[in-house]
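*Asks:* The following comprises the amino acid sequence and a computationally predicted model.
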Amino acid sequence: MDQTEGDREVDTKTKWAEDRTDWAEDRTLLANERTFAGWMRTGMAALAVAIGLKAVFGEFDPTWVAKAVASVFILIAVLIFAAAAHEARKAQARISSHDAEAQSTTRMLILAVLLSLGGLATGAILWLL
């Protein structure tokens, strides 16, 4: 049995709709990566504030106060890194990739862990100075 012209038109429109949906999912997947990168930048900015506080306060007396304030920013950075990895993982689990190749959640987690360790090491160094 041959398809009528109307059936072929419906099939074509359905295919186009499916393609648009697939592309939207790919854009959302890539937006998730950009959001993750934004969170990483925000965490790095918090680390920069912590280091900057040490430079600004220099020989502040008592030194533990300046170090404690810097430590708050380091803790904030670590929490940002953890939240970014968690949210990126959740988002990628909900989204199907079609044509776009997304970063793996494992790579994002490794990056977040390494930046967290770097932040904690920065905090240790600030306390030793």
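*Replies:* That came in fine, so what should we check first? Numbering: from 1, shown residues only.
*Asks:* so which strand or helix has the spatially most central residue of the chain?
*Replies:* Centroid-nearest residue in the chain, with C-alpha atoms, centre = their mean: residue 36, separated by 1.7 Å. For residue 36, the host element (DSSP states H and E) is helix 5-57.
*Asks:* which helices and strands does that helix pack with?
*Replies:* helix 63-94, helix 105-128 (3 or more C-beta pairs under 8 Å, 6 or more residues apart in numbering; DSSP states H and E). Yep, even glycine has a C-beta here, placed from its N, CA and C like the rest.
*Asks:* just these: most buried one?
*Replies:* Mean neighbours per residue, mean count of other C-beta atoms under 10 Å, is largest over the helices and strands packed on helix 5-57 for helix 63-94, with a mean of 17.
*Asks:* Show me what that helix is packed up against.
*Replies:* Partner elements for helix 63-94 (3+ C-beta pairs under 8 Å, 6+ apart): helix 5-57, helix 105-128.
*Asks:* Compare those and say which comes out lowest on pLDDT.
*Replies:* Ranked by mean pLDDT, the helices and strands packed on helix 63-94 bottom out at helix 5-57, with a mean of 84.
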